[in-house]
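> need a structure here:
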Amino acid sequence: MTQQKRILSISLLLFLLAFQLKAQIIHIKWTAPVVMQDSTFKPVETLYFLGAKTAKDLLPYYELKLYNAAAENFKLLNTQYEPLSEKEVNLVQNKILSDAFSIRLLVQNRQPLSVVSFVPLRINSQTGTYEKLVSFSYQYDKANFSMQQHLVKKASQQKQLVNARTSAMAAAGGSVLSSGKWFKISIAGTGMYKIDYAFLKSMGINPDAVDISTVKIYGNGIGMLPQPNLTARPDDLIENAIMQKGNGTFKDGDYIIFYGKGPDTWTYNNVEGIFNHTKNVYSDNSCYFLTFGSGFGLRVTDTITTGLAAQTVMYFDDRAFHESDLSNYLSSGREWYGEDFDTDNTSRSFKFKTAGLLTGSAIKVTSSVLARSSTSTNFNVYLGDGTGPATFVGSHNMSASNQFAYDAIGDADREIFTL
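Below is the predicted model of the structure:
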């Protein structure tokens, strides 16, 4: 009888502990509205809270990561709302507020990772007032997850994508490099590049023997070659249109200008509403090729426009990244990491050029970190100009990770913060 009571007590304690974990309250820290740009690059004020994600509708989305779980039937519990101010109502009253939850199933370290996102705003069904969510807890059901089934489904989706592409691609009959004289030009970044009289001489070319109208520049500028063989890419060098100043023999004062793309690329992410960069892990430079003497080269042509401009652009979204490939913890593969943080280096500073930054505009910071520690790790991100106290942007709260030979190399996390 005593033994039965003891087992009942332990079971009850475990049940209470499980209930307390599910009932954990999450608080949303709302801030003053921030300025962002809409699809027409017009500055627009929008509601914001710390850690908010934004999409094309410029509504703030809350994103919750559920580790080791394929979640379904997600719902909020213990919700607490506060009414919006008159100014906040004006910013959302023409927008569609959905109470739906978006659940994306990902895989991390061969375990399921569910990313739940939703807009923490509502119109109270009883009073008709606009309200913002300030705290909540949640619960969900764990769906059955099979890594094999997930891979099969992913492969099926990839196959459908491939079949949707045209399978008939005309291959080049031969390389343009097979004839003529060619000179390789290496560039480190994207921009406009000028080739003048002195530059040709530095390459060992006699400019006086060059007809400027026959100068040609070839290059593809696609960044790192895609890993899948089925992904479309040029199978030979493509001639680029260039600007030309001067006629006849290449004289001192003549030049050509071409637009070159560096080794790293940017791609717009429709889900996150930001540009993501892809660093070329194989090369720090892109190569373009110059030739001359065989026919006229491709030139930039003037376009005649009529009427007034429909829009005047006074500002634009700029972007920059810092990513140093310093460490490869597996000594294999393409996964590299940057600067270490340890007891001797608990903080590091990275500088970005922000000349011309529009006052009041939103700044998005994407931070990717890896924790390799037997205890939990916390990374705090700050933003400042170096002249005063830095502003807290957000944090990464990382779990402890095993350091055994066949364990994962660490706990990786990527966050997008808006300031």
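> only C-alpha atoms for contact and neighbour calcs from this point on.
Will do.
> so where is the stretch 101-250 of the chain shaky, pLDDT-wise?
150, 152, 155-172 (pLDDT under 70).
> mind listing the helices for it?
147-164, 197-202 (DSSP state H, counting those that start in this stretch).
> And the shortest one, what's buried?
Judged by neighbour count (16 or more other C-alpha atoms under 10 Å), helix 197-202 contains these buried residues: Y197, A198, L200.
> which residues in the stretch 101-250 of the chain form strands?
Taking DSSP state E, counting those that start in this stretch as the test, the strands found in the stretch 101-250 of the chain are 102-108, 111-118, 121-123, 130-142, 183-187, 191-196, 216-218, 239-240, 243-245.
> And the longest one, what's buried?
Judged by neighbour count (16+ other C-alpha under 10 Å), strand 130-142 contains these buried residues: Y130, E131, K132, L133, V134, S135, F136, S137.
> Now do it: which elements does it pack against?
Secondary-structure packing of strand 130-142 (3 or more C-alpha pairs under 8 Å, 6 or more residues apart in numbering; DSSP states H and E): helix 2-22, strand 26-27, strand 71-83, strand 121-123.
> Hey, what's the angle from that strand to strand 71-83? Just curious.
160 degrees (axes from the mean of the first three to the mean of the last three C-alpha atoms, to 10 degrees).
> Please produce CSV containing the strands of the stretch 101-250 of the chain, extended by distance to L298.
As requested, the strands of the stretch 101-250 of the chain are exported to CSV (distance: least, C-alpha to C-alpha, whole Å):
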stretch, distance to L298
strand 102-108, 46
strand 111-118, 49
strand 121-123, 54
strand 130-142, 57
strand 183-187, 17
strand 191-196, 15
strand 216-218, 7
strand 239-240, 7
strand 243-245, 9
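> Of all these, which one is nearest L308?
With C-alpha to C-alpha, the closest approach to L308 among the strands of the stretch 101-250 of the chain belongs to strand 243-245: 25.7 Å.
> Sheet partners, orientation included, of that closest one?
Using DSSP bridges, the strands paired with strand 243-245 are strand 255-260 (antiparallel).
> Contacts for the partner strand, please.
Strand 255-260 is contacted from outside by 187, 189-197, 217, 221, 240-246, 288, using C-alpha atoms under 8 Å, 6 or more residues apart in numbering.
> Also compute the angle for it relative to strand 183-187, please.
Per the same axes, to 10 degrees, the angle that strand 255-260 makes with strand 183-187 is 60 degrees.
> What helices and strands are in contact with the next helix or strand after strand 255-260?
Helices and strands here follow DSSP states H and E; after strand 255-260, the next one along the chain is strand 265-269. For strand 265-269, the packing partners by 3+ C-alpha pairs under 8 Å, 6+ apart come out as strand 274-278.
> The strand it packs on pairs with which strands?
In the sheet, strand 274-278 lines up against strand 265-269 (antiparallel) (DSSP bridges).
> Now do the buried residues in the partner strand.
Buried, per 16+ other C-alpha under 10 Å, within strand 265-269: T265.
> tell me how far it is from the chain's mean position?
Its chain's average C-alpha position is 6 Å from that of strand 265-269, according to C-alpha atoms, centre = their mean, to the nearest Å.
> ok, residues contacting it?
Contacts for strand 265-269 (C-alpha under 8 Å, 6+ apart): I222, G223, I274, F275, N276, H277, T278, K279, N280.
> Rebuild the residues you listed as TSV, extending it with distance to I123 and neighbour count.
Below are the contacts of strand 265-269 laid out as TSV (distance: C-alpha to C-alpha, whole Å; neighbours: other C-alpha atoms under 10 Å):
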residue	distance to I123	neighbour count
I222	47	15
G223	46	19
I274	28	20
F275	32	17
N276	34	15
H277	37	15
T278	40	15
K279	43	19
N280	47	16
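> Now render these as TSV, adding distance to K181.
Shown next, in TSV, are the contacts of strand 265-269 (distance: C-alpha to C-alpha, whole Å):
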residue	distance to K181
I222	24
G223	25
I274	43
F275	39
N276	38
H277	35
T278	33
K279	31
N280	28
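> what's the neighbour count on P389?
Number of residues near P389 (other C-alpha atoms under 10 Å) recorded here: 10.
> typo on my end, P120
21.
> just F145 next, same as before
Neighbour tally, F145, other C-alpha under 10 Å: 14.
> was I right about it contacting E72?
No - assessed by C-alpha atoms under 8 Å, F145 is found out of contact with E72, at 11.4 Å.
> Mind telling me which of the helices and strands packed on strand 130-142 the model trusts least?
Among the helices and strands packed on strand 130-142, helix 2-22 carries the lowest mean pLDDT, at a mean of 37.
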